[in-house]
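Peer 1: Sequence first, predicted model second:
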Amino acid sequence: MPAVRDVCRSGAVWRSVVVGAAALISACGHHAAHAPPPPTKVSVVTVRAQQVPITTELPGRVTALRTADVRPQVNGIILKRLFVEGGEVKAGQQLYQIDAAPYRAAYQSAVAGEASSRALAERYKPLAEANAVSKQDYDNAVAAQLQAQAAVETARINLVYTKVLSPITGRIGRSLITEGALVTANQAAELATVQQLDPMYVDVTQPTTTLLRLKREAAAGQLKQNGAGQTQVRLKLEDGSDYPHTGTLEFSEVTVDLTTGSVTLRALMPNPERLLLPGMFVREQIEEGVRQGAVLAPQQGISHDQKGQPTALVVGPNDVVELRMLQTDRALGDQWLVSSGLSPGDRVIVEGIQFAKPGSKVVPEEYRAATEEKKAAPQAASGTAGVTD
């Protein structure tokens with residue numbers, strides 16, 4: 001019986017040990033399940049106040065300062081073309097010659113008729129004074145003389161019109177008609193087109209809000225202006241190169257499109273080398289001066305809520321995440337110009353945003369771009385080269 005009692009006592013001890021171990025494991029598991037997670041690591045960019053040159057870039061098209069379609073003003077056969085296609089022409093320079101023979105004959109006939117009517121009026125004058133002819137006959141003779149003079153002037157003008165002249169100075173395009181073709185007065189089809197290419201207009205279409213902002217900045221003296229008080233603009237050509245000359249923005253050249261609510265801003269650009277051609281696509285840059293104390297935030301750290309309001313996550317005091325509502329002015333490269341919502345010294349989260357929640361604690365570290373890391377890697381490699389144990 002004592003042996004049986006000892007065996008029972010040892011079994012009870014083992015059961016208590018097993019139960020205690022199970023309770024300890026359960027307690028450890030329960031404690032581990034409720035342990036707070038460690039703070040999330042995030043990359044931040046510390047914003048600073050800086051001087052920022054503000055430039056508005058607008059897409060636009062080049063148009064000629066003046067465009068004139070050359071059309072005949074009398075009927076006839078084209079005998080000669082007197083210009084080089086694509087060349088420069090002067091105002092009043094002859095471009096075509098229309099067969100002038102019938103108009104020369106008409107002019108000579110009108111001159112003869114005017115001479116005859118003038119002689120008759122001169123012969124009737126003393127007779128009318130002597131009452132040898134009626135005053136009515138003399139008045140008729142004077143009227144016939146005046147009509148003959150008008151006929152002479154009309155014939156002279158038609159004879160001049162056989163020489164088709166350039167209405168403006170500029171560059172002429174290709175001829176749309178050849179020698180031997182019949183033309184008619186004021187026909188719908190033009191013979192050629194002359195365009196004045198220096199200076200040139202650059203027209204850009206923008207919402208009325210852009211126009212109003214540019215006008216306010218011009219009135220406040222924020223836009224970069226020349227000595228005459230005109231806003232300066234520059235161009236980028238289609239190949240990305242900078243146009244070498246500076247133009248001026250003319251706010252008076254605006255029209256409002258009733259269907260889109262947009263306006264056309266017109267700039268006047270010098271074109272001495274004829275680099276700008278009508279219809280060319282360019283980008284117009286309006287220099288708005290330098291903004292002092294501007295705050296720039298990286299675009300990758302700015303998101304938008306359901307209402308489209310820009311927001312940013314900022315690491316505040318004690319490394320606690322804060323949600324900021326922002327107002328952005330415009331994009332400058334890969335950054336936003338922030339007008340309100342951020343202050344110099346704020347740390348904007350740019351990496352790890354998906355793990356950072358407002359009110360949570362994080363471990364911030366300053367963001368390093370990939371290009372900076374690539375530059376730092378060779379330097380670190382060169383610093384360890386040649387080191388031996």
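Peer 2: Received, thanks. Owing to the predicted nature of the structure, the values given are computational and were not obtained by experimental measurement.
Peer 1: just the helices in the stretch 251-389 of the chain please.
Peer 2: Applying DSSP state H, counting those that start in this stretch to the stretch 251-389 of the chain gives helices spanning 370-384.
Peer 1: what are the ranges of the strands in it?
Peer 2: With DSSP state E, counting those that start in this stretch as the criterion, the stretch 251-389 of the chain has strands at 262-269, 281-298, 302-304, 310-315, 321-325, 327-332, 335-340, 347-351, 362-366.
Peer 1: Of all these, which one comes closest to residue 188?
Peer 2: Closest approach to residue 188 among the strands of the stretch 251-389 of the chain is made by strand 262-269 (27.6 Å; CB to CB). Backbone N, C-alpha and C define where each C-beta goes, glycine included.
Peer 1: ok, residues contacting that closest one?
Peer 2: Taking contacts as CB atoms under 8 Å, 6 or more residues apart in numbering, the residues outside strand 262-269 that touch it are 58, 60, 62, 65, 199-208, 210-211, 214, 233, 235, 243, 245, 247-251, 253-257, 276, 284.
Peer 1: Please list only the buried members of the residues you listed.
Peer 2: Among these, those classed as buried by neighbour count (16 or more other CB atoms under 10 Å) are 58, 60, 62, 65, 199-206, 210-211, 214, 233, 235, 243, 247-249, 276, 284.
Peer 1: Now do stretch 63-70, average pLDDT.
Peer 2: Regarding stretch 63-70, the rounded mean pLDDT is 94.
Peer 1: Mind putting the strands of the stretch 251-389 of the chain into TSV with mean pLDDT?
Peer 2: Output for the strands of the stretch 251-389 of the chain, formatted as TSV (pLDDT from 0 to 100):
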stretch	mean pLDDT
strand 262-269	88
strand 281-298	85
strand 302-304	91
strand 310-315	94
strand 321-325	93
strand 327-332	86
strand 335-340	90
strand 347-351	94
strand 362-366	92
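Peer 1: The ones you listed into CSV, with extra columns for distance to residue 132?
Peer 2: Output for the strands of the stretch 251-389 of the chain, formatted as CSV (distance: least, CB to CB, whole Å):
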stretch, distance to residue 132
strand 262-269, 70
strand 281-298, 80
strand 302-304, 103
strand 310-315, 102
strand 321-325, 106
strand 327-332, 93
strand 335-340, 97
strand 347-351, 110
strand 362-366, 118
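Peer 1: which one of the ones you listed lies closest to residue 48?
Peer 2: With respect to residue 48, and counting by CB to CB, the nearest of the strands of the stretch 251-389 of the chain is strand 281-298 at 7.8 Å.
Peer 1: Pull out the buried positions in the closest one.
Peer 2: Buried residues in strand 281-298, defined by neighbour count with 16+ other CB under 10 Å: 282-289, 291, 294-298.
Peer 1: before we move on, back to that, of all the strands of the stretch 251-389 of the chain, which lies closest to residue 54?
Peer 2: Each of those has some distance to residue 54 by CB to CB; the shortest is strand 281-298, at 4.1 Å.
Peer 1: Great, nothing more from me.
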